[in-house]
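*Asks:* With the input below, show me the fold.
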Amino acid sequence: MLAYLPELLKGLHTSLTLTVAALIVSLGLSLLLTVVLTLKTPVISTLAKGYITLFTGTPLLVQIFLIYYGPGQFSAIQQIPWLWHLLSQSWLCAMIALALNSAAYTTQLFYGAVKAIPAGQWQSCAALGMSRKQTLRILLPFAFKRALSSYSNEVVLVFKSTSLAYTITLMEVMGYSQLMYGRTYDVMVFGAAGIIYLCVNGLLTLLMRLIERRALAFERRN
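*Replies:* From the prediction side, this is the model:
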């Protein structure tokens, strides 16, 4: 089983870059959506809730297929060379699908943390004459720090979800596993892939714990 590791590690770079890019995009989008939901802007909030329902209520694999194969059904997109070139790249399509899916779940996580802020803190800001936006600037960082523990699970989940990218021809860890299995018919190839995912997930969990400890260091001192 261990003999397969060097070959499978060739796909680790793709898995990691896919994870990092998806997390960056999803984090930015989820922060924006959290603010939208907190401000309760009528139309935009409804659209945000619809987006969350769509991406949390459908399988990630279906989303990957729709984003990768879907644009090819529209001749108008094919007639725009640069756009068709972008949307035909498996890495980009996988990243978009992972980012949109993760953003939906992360928004739920962050918005839950915002709603968990004690009412007294909102009232204190209101008593000081702060507007809703000014209040959010103060309280949102507090809520996000509290959500770090749960967010670490989302980071791990995104990395594990990159294993679905092989279904659209992307050669990451699982892609190389399928390739090796096709050559050897040895099921232990997938055991070797599992070792890689387990080790990387352990390191990601440790990293998130360190970030959480650093972010909450001030509260522990007080």
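
*Asks:* Is residue 99 in contact with residue 20, as I believe?
*Replies:* No. If you go by Cβ atoms under 8 Å, residue 99 and residue 20 don't touch, sitting 10.9 Å apart. Backbone N, C-alpha and C define where each C-beta goes, glycine included.

*Asks:* the more surrounded of these two?
*Replies:* residue 99 (23 against 14; other Cβ atoms under 10 Å).

*Asks:* For the more buried one, which non-adjacent residue is closest in space?
*Replies:* Counting by Cβ to Cβ, 6 or more residues apart in numbering, residue 99 lies nearest to residue 25, which is 3.8 Å off, once chain neighbours are set aside.

*Asks:* And for residue 48, the neighbour number?
*Replies:* 20.

*Asks:* Show me the strands in the protein, by range?
*Replies:* For the chain, no strands are identified by DSSP state E.

*Asks:* Quick check: which ranges of this protein have low pLDDT?
*Replies:* The chain contains residues with pLDDT under 70 at 217-222.

*Asks:* As a check, name the ranges of all helices in it.
*Replies:* 5-8, 12-39, 42-57, 60-69, 75-78, 81-87, 90-115, 119-127, 132-146, 148-161, 173-184, 188-215, 217-221 (DSSP state H).

*Asks:* Tell me which of those helices sits nearest to residue 167.
*Replies:* Shortest distance between residue 167 and the helices of the chain, using Cβ to Cβ, is found for helix 60-69: 6.6 Å.

*Asks:* Which residues does that closest one contact?
*Replies:* 55, 90, 93-94, 96-98, 100-101, 161, 164-165, 167-168 (Cβ atoms under 8 Å, 6 or more residues apart in numbering).

*Asks:* 7 Å instead?
*Replies:* 55, 90, 93, 94, 96, 97, 100, 101, 161, 164, 167, 168 (Cβ atoms under 7 Å, 6 or more residues apart in numbering).

*Asks:* just stretch 8-23 next, same as before
*Replies:* Residues contacting stretch 8-23 (Cβ under 7 Å, 6+ apart): 91, 94-95, 98-99, 102, 155, 158-159, 162, 165, 170-173, 175-177, 192-193, 196.

*Asks:* And stretch 198-211, what's buried?
*Replies:* 200, 204, 208 (16 or more other Cβ atoms under 10 Å).

*Asks:* what do you get for stretch 103-117?
*Replies:* Neighbour counts over stretch 103-117 (16+ other Cβ under 10 Å) mark 103, 104, 105, 106, 107, 108, 109, 110, 111, 113, 114, 117 as buried.
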